[in-house]
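[1] Attaching a predicted model along with its sequence, questions to come.
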Amino acid sequence: MGYELVGTPRTERVTQALATKFRDMDPVPHDRPLNPKRIEAYRKMLAAGLFRPVQWATVHCNETQATYRVNGKHTSNLFAEYEELPQTVHATIEHYHCDDLDDVARLYATFDSRTQVRTTNDINRAFAAIDPALSVIQTRVVNMCVTAIAYVQHGDKYTSKPAAERAECLLEEQNKLFVHWASDLLGAKGSNVHLWRSPVVAAMYATFQKSRKGANEFWLAVRDGTGASPKVPDRVLYKFLLTKFVHTGQGSTNRSSKSLCAPREMYVKCLHAWNAWRRDTTTDLKYHAQGKIPAAV
């Protein structure tokens with residue numbers, strides 16, 4: 001049967017009583033545990049006025065004869081802390097009906113915390129704001145680093161992860177170090193444009209995890225084109241990045257097809273160059289679309 005919306009969604013101002021009611025509901029089976037760090041990020045969003053009406057949902061399951069909270073775990077926990085909430089905080093509440101737990105799971109999978117706030121950009125900035133040192137990093141750098149880390153961790157499926165879940169990487173100490181390092185390496189917006197691409201930053205992250213010292217040496221050489229000869233891997237990659245642009249396959253472009261490559265290809269070629277550099281060998285950056293993505297060594 002799937003899931004069926006019961007009645008019409010209604011929007012109402014959130015009070016502490018309403019938030020407490022949703023907070024204390026039974027969660028759907030296998031709901032992920034509450035993340036205190038995400039609540040802290042949402043608290044900063046609330047203070048900054050970044051919430052649009054949140055989406056809360058319940059579902060009644062015939063199989064178990066129980067009603068579960070499908071969405072609103074983190075926001076209801078946060079809002080329940082406040083005796084007085086801003087007048088602008090509203091919740092759009094939906095009620096669903098399902099025959100069995102499989103349908104409950106399918107319904108649960110449709111909700112994404114990105115709908116709770118304005119944009120992915122706002123989510124990333126709010127998570128970065130938790131750390132005063134990260135809060136001063138350029139927004140574009142923060143966004144690229146979050147995307148890069150998610151790509152290395154989840155591959156092409158990273159876009160299926162909720163925006164807030166991806167942004168949680170900014171709460172890990174080693175990732176904070178990477179963002180600071182990447183910010184220094186990339187420089188101001190408009191400089192080092194051959195490095196300002198998500199697949200390149202993803203490769204930077206993969207190599208940074210293997211050797212911070214090595215990554216710094218390698219990527220400085222790629223940035224500045226300072227390799228000892230045109231055949232060393234960092235110079236080969238430097239030349240490649242200067243002449244290629246990322247093609248996402250969306251929309252039209254004025255660039256020639258020979259100057260375009262897919263994000264995966266650019267990421268793989270960056271890793272080929274790094275691996276050759278680490279092994280003190282040469283590379284022609286060969287890429288096979290059906291081949292496995294190499295691991296950084």
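    Sure thing, it's come through.
[2] Next SSE downstream of the helix or strand Thr20 falls within?
    In the assignment (DSSP states H and E), Thr20 maps to helix 16-23. Using DSSP H and E, the helix or strand that follows helix 16-23 in sequence is helix 36-47.
[3] ok, Gly7 touching Ile93?
    No: the criterion here is Cβ atoms under 8 Å, and Gly7 misses it with Ile93 at 10.0 Å. Just so you know, the C-beta spots here come from the backbone N, C-alpha and C atoms, and that holds for glycine as well.
[4] And these two? Which one has more around it.
    Between Gly7 and Ile93, counted using other Cβ atoms under 10 Å, Ile93 has the larger neighbour count: 21 against 9.
[5] The closest residue to the more buried one other than its chain neighbours: neighbour count?
    Excluding the flanking residues, the one nearest Ile93 by Cβ to Cβ, 6 or more residues apart in numbering is Trp56, at 5.1 Å. Neighbourhood size, Trp56 [other Cβ under 10 Å]: 26.
[6] Give me the local confidence score for Trp56.
    For Trp56, the model assigns a pLDDT of 96.
[7] And the pLDDT at the nearest residue to Pro9 once chain neighbours are set aside?
    Distances taken as Cβ to Cβ, 6+ apart put Glu94 closest to Pro9, at 4.6 Å, once the chain neighbours are dropped. At Glu94, the model reports a pLDDT of 97.
[8] what does Asp112 give?
    Asp112 is assigned 62 on the pLDDT scale.
[9] same question, the one 10 residues further on
    What the model reports as pLDDT for Asp122 is 82.
[10] does it really touch Met45, like I thought?
    Yes: at 7.1 Å, Asp122 counts as touching Met45 under the criterion of Cβ under 8 Å.
[11] neighbour count winner among those two?
    Remark: of Asp122 and Met45, Met45 carries more neighbours, 23 against 19, as counted by other Cβ under 10 Å.
[12] Identify the residues contacting that one.
    Phe51, Val117, Asp122, Ile123, Ala126 (Cβ atoms under 8 Å, 6 or more residues apart in numbering).
[13] Can you tell me which of these has the most neighbours?
    When neighbours are counted by other Cβ under 10 Å, Ile123 leads those with 29 neighbours.
[14] now the helices for this structure?
    16-23, 36-47, 73-79, 101-108, 120-129, 139-154, 163-167, 173-186, 198-210, 212-224, 233-243, 263-279 (DSSP state H).
[15] Could you report the neighbour count for Ala273?
    26.
[16] cool, and Gln153?
    Neighbours around Gln153, by other Cβ under 10 Å: 15.
[17] Apart from its chain neighbours, what residue comes closest to it?
    Excluding its sequence neighbours, the residue lying closest to Gln153 (Cβ to Cβ, 6+ apart) is Cys169, at 7.7 Å.
[18] Any figure for the gap between the one you found and Asn175?
    Here Cys169 is placed at a distance of 5 Å from Asn175 (Cβ to Cβ, to the nearest Å).
[19] Kindly report the same for Lys161.
    Lys161 is 15 Å from Asn175, by Cβ to Cβ.
[20] These two: who's more crowded?
    Between Lys161 and Asn175, counting by other Cβ under 10 Å, Asn175 is the more crowded of the two (19 against 15).
[21] can you redo the helices of the chain as JSON lines with distance to Tyr287?
    Below are these laid out as JSON lines (distance: least, Cβ to Cβ, whole Å):
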{"stretch": "helix 16-23", "distance to Tyr287": "49"}
{"stretch": "helix 36-47", "distance to Tyr287": "37"}
{"stretch": "helix 73-79", "distance to Tyr287": "41"}
{"stretch": "helix 101-108", "distance to Tyr287": "37"}
{"stretch": "helix 120-129", "distance to Tyr287": "29"}
{"stretch": "helix 139-154", "distance to Tyr287": "17"}
{"stretch": "helix 163-167", "distance to Tyr287": "26"}
{"stretch": "helix 173-186", "distance to Tyr287": "24"}
{"stretch": "helix 198-210", "distance to Tyr287": "12"}
{"stretch": "helix 212-224", "distance to Tyr287": "17"}
{"stretch": "helix 233-243", "distance to Tyr287": "10"}
{"stretch": "helix 263-279", "distance to Tyr287": "5"}
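[22] Indicate which one of these is closest to Thr64.
    Ranking those by proximity to Thr64 (Cβ to Cβ) places helix 101-108 first, at 6.7 Å.
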